[in-house]
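Asks: below are the sequence and a predicted model for it; my questions follow.
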Amino acid sequence: MSFRMAISVLTKTKERTGLASLGSCSTELPSKYARFVCIMNLDKIKQIISSSWTFSIALDMSTYLSISYLDVRIRVYYNEIILNLHLLAIPMHEGHTGEAMFDAVVPVLDVRCPNWRDVMLGITTDGERKMTGVNKGLATRFQKVCRSGFMRVWCR
């Protein structure tokens, strides 16, 4: 939801409910709500992957308005269903080599699931060399630090 859409939702909520406490909706209010919702979602993802015996990640690079982003998704079996959760889209200002992407994802995983090296089952990426390269690829870097049996899946 864009900020403009969030402002519209809050304004309509105020009108429909008659709650004066919403007041006028400034551009800062949706930003605060968005941060709060992100914090709640990141905390819930941490709870889900911490309570699961294993999970995998899916990584994909994309570009939006000339900025490269690394999209990080978590795939986990939870409450008898397979969840595909969006964790983060990390801006990659320093380039998108296997090393730079690995260095960007590891701190996030360290916070969300401190024992990820022991419980991560595998990684899914596209077939680009920076993702799958045998020496410096992102998937290779994860495979080197995770337990044996780590799986690598990529599409072409």
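Replies: Yes, it's here.

Asks: can you give the domain ranges for the protein?
Replies: Split into domains by automatic domain parsing, the chain comes to 1-19+26-51, 53-155.

Asks: check the offset of the shortest one from the chain's centre.
Replies: I take that to be domain 1-19+26-51. Computed by Cα atoms, centre = their mean, to the nearest Å, the separation of domain 1-19+26-51 from the middle of its chain amounts to 17 Å.

Asks: now stretch 106-113
Replies: Between the mean C-alpha point of stretch 106-113 and the mean C-alpha point of its chain there is a distance of 11 Å (Cα atoms, centre = their mean).

Asks: ok, stretch 77-93 next?
Replies: Stretch 77-93 sits 5 Å away from the centroid of its parent chain (Cα atoms, centre = their mean).

Asks: take the domains of the chain and lay them out in CSV including mean pLDDT and mean neighbour count.
Replies: Using the backbone N, CA and C atoms, a C-beta is placed for each residue, glycine as well. CSV is the format used below for the domains of the chain (pLDDT from 0 to 100; neighbours: other Cβ atoms under 10 Å):
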stretch, mean pLDDT, mean neighbour count
domain 1-19+26-51, 79, 13
domain 53-155, 87, 15
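
Asks: surely residue 147 is within a strand?
Replies: No - with the criterion set as DSSP: H, G, I helix; E, B strand; the rest coil, the secondary structure at residue 147 is coil rather than a strand.

Asks: and it, how far is that from residue 104?
Replies: As defined by Cβ to Cβ, to the nearest Å, residue 147 lies at a distance of 22 Å from residue 104.

Asks: isn't residue 122 right up against residue 56?
Replies: Yes - taking contacts as Cβ atoms under 8 Å, residue 122 lies within contact range of residue 56: 4.5 Å.

Asks: can you check which residues contact both of these two?
Replies: Overlap between the contact sets of residue 122 and residue 56, as judged by Cβ atoms under 8 Å, 6 or more residues apart in numbering, is given by residue 151.

Asks: how about residue 89, what does it touch?
Replies: Residue 89 is in contact with 62, 69, 70, 71, 72, counting by Cβ under 8 Å, 6+ apart.

Asks: would you mind writing the CA trace of stretch 46-65 as CSV?
Replies: Output in CSV follows, covering the C-alpha atoms of stretch 46-65 (Å, rounded to 0.1, in the frame of the first residue of the first chain):
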residue,chain,number,x,y,z
LYS,A,46,11.1,-14.5,13.7
GLN,A,47,8.6,-16.4,15.8
ILE,A,48,7.6,-18.6,12.9
ILE,A,49,11.1,-19.6,11.8
SER,A,50,12.3,-20.0,15.4
SER,A,51,9.5,-22.5,16.1
SER,A,52,10.1,-24.5,12.9
TRP,A,53,12.7,-27.2,12.6
THR,A,54,13.9,-26.0,9.1
PHE,A,55,13.3,-23.4,6.4
SER,A,56,14.7,-22.3,3.1
ILE,A,57,15.2,-18.9,1.5
ALA,A,58,14.6,-17.6,-2.0
LEU,A,59,16.7,-14.7,-3.3
ASP,A,60,16.1,-12.6,-6.4
MET,A,61,17.6,-9.4,-7.7
SER,A,62,15.4,-6.7,-9.2
THR,A,63,15.8,-3.0,-10.1
TYR,A,64,13.4,-0.3,-9.4
LEU,A,65,14.0,3.4,-10.3
